[in-house]
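*Asks:* Take this sequence and fold it.
(chains A and B)
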Amino acid sequence: SQQGEEDPQALSIQEGENATMNCSYKTSINNLQWYRQNSGRGLVHLILIRSNEREKHSGRLRVTLDTSKKSSSLLITASRAADTASYFCATSGNQFYFGTGTSLTVIP
Amino acid sequence: GAVVSQHPSWVICKSGTSVKIECRSLDFQATTMFWYRQFPKQSLMLMATSNEGSKATYEQGVEKDKFLINHASLTLSTLTVTSAHPEDSSFYICSARDMRGQETQYFGPGTRLLVL
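*Replies:* Take a look at the predicted model:
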């Protein structure tokens, strides 16, 4: 399977804390993208990082990419209760494969 | 922004019937669309890549005769679950890639299928 793996599978934090999720993948990629999914809903694109980039920021989101280790991390700073969702990384080469996801719960 | 719609959003059917799910890109043209299925509390599994005007490419383990995909135009792809069985009950999500070569995929809201 070319599906990536994410850890932790579940993360519970207090509002205001930072949340870090990691993603590892197996094949070479063109880019890596992070998505969020609220329960039973579609996916929302968060951020894309290209294979020649190492770090990218978007608002409270910070993404890193280490192609030598085939891994990426998503940091959400100053978390809010509304950030509660599942977060997936997806790698794009010829196809588009999703990681196993991290379920984040932010406690008000 | 780019919008992808799916229809229906919910479908309940009897075992043995066929169900068609539509995926439309509303404000852009997509030569490539993707179909995924997602079981509860699990990730999305790519089922097939749908290419406009040609046959779909199926992932290993996905029965092409069971899941018929038609990408008849640059804005529409359909997935037909033939002779559906309870084990086909799942959340089906499509995505579309803008033909202008943008890297981001845009996802539909998903279709929840329940086969009784």
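
*Asks:* Quick check: bridge partners of residue B:19?
*Replies:* In this structure, residue B:19 bridges to residue B:81 when assessed by DSSP bridges.

*Asks:* In contact with it: list those residues for me.
*Replies:* If a contact means CB atoms under 8 Å, 6 or more residues apart in numbering or on different chains, then residue B:19 has B:11, B:13, B:80, B:81, B:84, B:113 as its contacts. For glycine as for every other residue, the C-beta is placed from the backbone atoms N, C-alpha and C.

*Asks:* Can you get me a residue count around residue B:95?
*Replies:* 28 (other CB atoms under 10 Å in any protein chain shown).

*Asks:* Okay, and the beta partners of it?
*Replies:* residue B:34, residue B:107.

*Asks:* Hmm, it is touching residue B:5, no?
*Replies:* No - using CB atoms under 8 Å, residue B:95 is not in contact with residue B:5; the gap is 11.9 Å.

*Asks:* which one of the contacts of residue B:19 is nearest chain A?
*Replies:* Distances from chain A to the contacts of residue B:19, taken as CB to the nearest CB, are shortest for residue B:113 (13.0 Å).

*Asks:* residue ranges of the strands in chain A, please?
*Replies:* Counting by DSSP state E, chain A has strands at residues A:5-7, A:10-14, A:19-24, A:31-37, A:43-50, A:55-58, A:61-66, A:71-76, A:85-92, A:96-98, A:102-107.

*Asks:* looking at chain B, which helix or strand is least sure?
*Replies:* Taking mean pLDDT, DSSP states H and E as the measure, chain B has strand B:105-107 as its least confident helix or strand, at a mean of 84.
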